[in-house]
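>>> Fold the following and give me the result.
(chains A and B)
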Amino acid sequence: MLLSNDRADHTAEGQTVAPAARAMAFERERRREAVTAQDTIDVQWADRIAAIARSQDQAAFAEVFRHFAPRVKAFLMKSGADEALAEECMQDVMATLWNKAHLYDPSRAAVSTWIFTIARNRKIDLLRRYARPEPEELPWGPEESPDQADILALQQETTKLADAIRTLPEKQRQLIERAYFGDLTHSEIAAETGLPLGTIKSRIRLALERLRHAMT
Amino acid sequence: MQTIRHNIPDNLLMSYAAGVLPQAFDLVVATHVSLSDDARARLAGFEAVGGAMLDDMDEAPIASDSLEQTMARIAGMKPTRRTPPAQGIFPEPLRRMVGGDADAVKWRSIGLGARQSVIYSDGDATARLICIPAGQAMPQHSHRGLEMTLVLQGAFRDDDGVYARGDIEVADQEVDHTPVAEPGEDCICLIATDGRLKFNGLLPRIAQPFLGI
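So this is what the prediction gives:
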């Protein structure tokens, strides 16, 4: 299994280790034991998106496609699209993924999260026939190469969140599912999910802060 | 990035993440998130829930030549460019809807020096820009549904305190409020409502059907 330290050493080669980086290294050491197989898999997805962005890597894309395309299609069908429309729309989502690969920032979203947002936006464009208003993009991005520790930490939070969803009481889990598949209206959605969202939010907030500091 | 004191409630962020808000509200949320790192991070948390659900879905069978077809699609497309952040007071999603910054807005007077411009409206909800002269009260009103008010320029004060650029106030029909623009700059707000505003003063109430507020 690929551990976080191997990855970080790999990217930090030849660079002076700043105090902040040293603190991060300690944190990595502390977390080392906690790196699960799932975290490693998630980081590998992020690497594949980076390979698509860097060198239009078709093999990496094929792997991402094999895993996510059937899920994106299932998501679209569950949201009300028929089979043909879902196939068409899914291909469009996956093509968008290719074209936006250079905008993906692994310190702010897991690959599954990022693909979900693309699929959701496409679904809305299709259902409502308008381009959905999206937040302004940040003026920086993955080309400023986010810290590997940030990436791993975010993947770990995402894994924890996914585990928490799986262990929710059935009724609660169904409610969240219905919310995300569009079965509930906004006035029916209550945000008390019972999920540990505070930690993942803090992670992303930290990554945003670090990025803003690096840019100004 | 300024400090945002009044942030958006979780249920609206989750609704935005799930994609179930009317477009007028989508616009306010997207504009607010553009101005608030905190809201951006919380939204990302709710989107991570969606991502986890996606990852957990049972696979649907896909066409046997699905990958090839997708590659063919890609061949005919250009990589998406990063949209640069908007200069001026309107963040990108609002600028796109208006077709420019504040100087591109086609204002209509709604009396007492206040101006408005409806920028999007459908059967579900309406988004409008309102400009209240510095130091002046917005006509007292209540509303039948949900109302989101996002400050873009200047500030206003009501019973809950001062709202400045990036701050958002969410009110339901219980709230009967009288926002007053703070001295200094004219206060420009983006407001989404899913019910018509109901003005309580006699004159505005008579004028309401004609002004389309």
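>>> Around the closest residue to A:Arg71 other than its chain neighbours, count how many other residues there are.
Nearest non-adjacent residue to A:Arg71, counting by Cβ to Cβ, 6 or more residues apart in numbering or on different chains: B:Met57, 4.5 Å away. (Glycine included, C-beta is placed from N, CA and C.) For B:Met57, the count of nearby residues is 18 (other Cβ atoms under 10 Å in any protein chain shown).
>>> With A:Ile204 instead?
Neighbourhood size, A:Ile204 [other Cβ under 10 Å]: 26.
>>> cool, A:His186 as well?
Here the number of neighbours of A:His186 (other Cβ under 10 Å) works out to 21.
>>> same check, this time on B:Arg82
So B:Arg82, with other Cβ under 10 Å, has 15 neighbours.
>>> Give me the distance between it and A:Asn99.
Per Cβ to Cβ, to the nearest Å, B:Arg82 is found 12 Å from A:Asn99.
>>> And for B:Ala17?
Remark: distance between B:Ala17 and A:Asn99 (Cβ to Cβ) = 22 Å.
>>> between those two, who's got more neighbours?
B:Ala17 (28 against 17).
>>> Kindly state the pLDDT recorded for the closest residue in space to that one that isn't next to it in sequence?
In this structure, B:Ala17 finds its nearest non-sequential neighbour in B:Phe46, 3.6 Å apart by Cβ to Cβ, 6+ apart. At B:Phe46, the predicted lDDT confidence score is 95.
>>> how deep is B:Phe46 tucked in, by neighbour count?
B:Phe46 - counted by other Cβ under 10 Å - has 26 other residues nearby.
>>> And for A:Gln156?
Neighbours around A:Gln156, by other Cβ under 10 Å: 23.
>>> How far does the helix or strand that contains it sit from its chain's centre?
Using DSSP states H and E, A:Gln156 sits within helix A:148-166. The chain centroid and the centroid of helix A:148-166 are separated by 9 Å under Cα atoms, centre = their mean, to the nearest Å.
>>> Against which helices or strands is that helix packed?
Contacts defined by 3 or more Cβ pairs under 8 Å, 6 or more residues apart in numbering or on different chains; DSSP states H and E place helix A:148-166 against helix A:4-11, helix A:19-31, helix A:37-55, helix A:170-180, helix A:197-215, helix B:37-55.
>>> Can you give me every residue that contacts A:Arg210?
A:107, A:147, A:150 (Cβ atoms under 8 Å, 6 or more residues apart in numbering or on different chains).
>>> cool, and B:Gly166?
By Cβ under 8 Å, 6+ apart, the contact set of B:Gly166 is B:2, B:4, B:32, B:35-36, B:150-151.
>>> my guess is A:Thr53 meets A:Pro106, correct?
Not quite, residue A:53 is Ala, not Thr. No. Using Cβ atoms under 8 Å, A:Ala53 is not in contact with A:Pro106, being 10.8 Å away.
>>> who has more neighbours, those two?
Higher neighbour count among A:Ala53 and A:Pro106: A:Pro106, with 25 against 21, using other Cβ under 10 Å.
>>> Look up the closest residue to that one, ignoring the ones flanking it.
What sits nearest to A:Pro106 in space, not counting adjacent residues and going by Cβ to Cβ, 6+ apart, is A:Ala46, at 3.9 Å.
>>> is it true that that neighbour touches A:Ile151?
Yes. Contact criterion Cβ under 8 Å: A:Ala46 and A:Ile151 qualify, at 6.2 Å.
>>> what sits in contact with each of the two?
With Cβ under 8 Å, 6+ apart as the test, A:Ala46 and A:Ile151 both reach A:Pro106.
>>> out of those two, which sits in the busier spot?
Using other Cβ under 10 Å, the more surrounded residue of A:Ala46 and A:Ile151 is A:Ile151, with 28 against 24.
>>> The closest residue in space to the more buried one that isn't next to it in sequence and B:Ala39, how far apart?
Closest residue to A:Ile151 apart from its sequence neighbours, by Cβ to Cβ, 6+ apart: A:Pro106 at 4.5 Å. From A:Pro106 across to B:Ala39, the span is 21 Å (Cβ to Cβ).
>>> Are the helix or strand containing A:Ile118 and chain B in contact anywhere?
With elements taken from DSSP H and E, the one containing A:Ile118 is helix A:111-128. Yes. Contact of helix A:111-128 with chain B (Cβ under 8 Å from any Cβ of the partner chain) involves A:111-117, A:119-121, A:123-124, A:128.
>>> in stretch B:59-68, what's buried?
Buried positions in stretch B:59-68, judged by neighbour count with 16 or more other Cβ atoms under 10 Å in any protein chain shown: B:60, B:62-63, B:66-67.
>>> hmm, who's touching it?
Applying Cβ under 8 Å, 6+ apart, the set of residues contacting stretch B:59-68 is A:62, A:65-66, A:69-71, A:73-74, A:77, A:86-87, A:90-91, B:69.
>>> Now find how far off-centre it is within its chain.
Offset of stretch B:59-68 from its chain centre (Cα atoms, centre = their mean): 38 Å.
>>> Please apply the same query to stretch B:31-49.
Stretch B:31-49 sits 14 Å away from the centroid of its parent chain (Cα atoms, centre = their mean).
>>> what's the answer for stretch A:181-190, then?
For stretch A:181-190, the distance to the chain centre is 23 Å (Cα atoms, centre = their mean).
>>> Straight-line length of that stretch, end to end?
Start-to-end span of stretch A:181-190 (Cα to Cα, to the nearest Å) is 15 Å.
>>> For the residue nearest the centre of chain B, give me its contacts.
By Cα atoms, centre = their mean, chain B has its centre lying nearest to B:Val28, at 1.0 Å. For B:Val28, the contacting residues are B:127, B:148, B:150, B:168, B:190-192, by Cβ under 8 Å, 6+ apart.
>>> ok so it is a helix residue?
Yes. B:Val28 forms part of a helix when assessed by DSSP: H, G, I helix; E, B strand; the rest coil.
>>> Where does the prediction get shaky in the chain?
Here I'm looking at chain A. Counting by pLDDT under 70, chain A shows low-confidence ranges at A:1-34, A:129-130, A:139-146, A:215-216.
>>> meant chain B actually
Counting by pLDDT under 70, chain B contains low-confidence ranges at B:1-3, B:139-144, B:173-177, B:195-213.
>>> where do the strands sit along it?
Counting by DSSP state E, chain B has strands at residues B:108-109, B:115-121, B:126-132, B:141-143, B:147-153, B:155-158, B:161-164, B:168-171, B:176-177, B:180-181, B:187-193, B:197-199.
>>> show me what contacts A:Cys89?
The contact partners of A:Cys89, taken as Cβ under 8 Å, 6+ apart, are A:76, A:81, A:122-123, A:126.
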